[in-house]
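>>> for reference, the sequence and a predicted model appear below.
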Amino acid sequence: MGAQSNPDAGVISPSSLAHVVLRTNNFRRMVDFYVKFLGGKIAYENEYLAFLTYDHEHHRIAILDVPNTNKKDKESCGLDHIAFSFDTLEDLVLSYQQRRKFGMVPVWCVNHGPTTSMYYEDPDGNQLETQVDNFDTVEETDRFMRSKAFSENPIGVDYVPEDLVKRLEAKEDHRSIKQRPNSGPRSQDGIPS
């Protein structure tokens, strides 16, 4: 009998994260934003619910209109952000350039070490991270996350997105671009709110 059929063996892990549902009182703006932000499409929509997808899953994001919902309180507990991965730095930068044309600009750009990331906000103030992995393997990422440099600064080093664009246009080596500069200690006080 395998571990999966033994209820005392712990909890079997899901095969993937299927979707996220966002409650809003700003339905049309949220739906339009996410379709553009994800380069996605509406799989289903009625007057209070929209299922959106951008890949093989039937829906990744659902937007639910709840008229009496209060505005987001960034000082309360709850989900901090949703992260979306890209395969290459070129894709991360291209998505940045495309979103910028829609007036969507990052509120924070940071090389965390494990990832190079750009954070955006949707119309309700929810944060969205777009990222690319900085290491080729999970083992390399694990080593970095156990390093003294990461222990001193698990937040990362901020960067200017246009500088990233210029470095790619100059054909700089990707390993060099992805390598996080050593900036010394940084605490959670350094995270933009």
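Cool, the structure landed.

>>> low-confidence ranges in the protein?
Residue ranges of the chain with pLDDT under 70: 1-4, 190, 193.

>>> got the domain ranges for it?
Listed domain ranges for the chain are 16-68, 80-184 (source: automatic domain parsing).

>>> figure out which of the ones you listed is closest to residue 6.
Among the domains of the chain, the nearest to residue 6 by C-beta to C-beta is domain 16-68 (22.7 Å). C-beta here means a position set from N, CA and C on the backbone, and glycine is covered the same way.

>>> and that closest one, how far from the chain's centre?
Relative to the centre of its chain, domain 16-68 is centred 16 Å away, using C-alpha atoms, centre = their mean, to the nearest Å.

>>> that older thread, make a markdown table from the domains of the chain and add mean neighbour count and distance to residue 74 to it.
A markdown table is the format used below for the domains of the chain (neighbours: other C-beta atoms under 10 Å; distance: least, C-beta to C-beta, whole Å):
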| stretch | mean neighbour count | distance to residue 74 |
| --- | --- | --- |
| domain 16-68 | 15 | 15 |
| domain 80-184 | 15 | 7 |
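
>>> redo these as CSV? Include distance to residue 191.
Output for those, formatted as CSV (distance: least, C-beta to C-beta, whole Å):
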stretch, distance to residue 191
domain 16-68, 21
domain 80-184, 6
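
>>> from residue 49, how far out is residue 86?
28 Å (C-beta to C-beta, to the nearest Å).

>>> contacting residues around the closest residue to residue 135 other than its chain neighbours?
In space, and not counting its chain neighbours, residue 135 is closest to residue 141: 4.5 Å by C-beta to C-beta, 6 or more residues apart in numbering. Going by C-beta atoms under 8 Å, 6 or more residues apart in numbering, residue 141 touches 114, 133-135.
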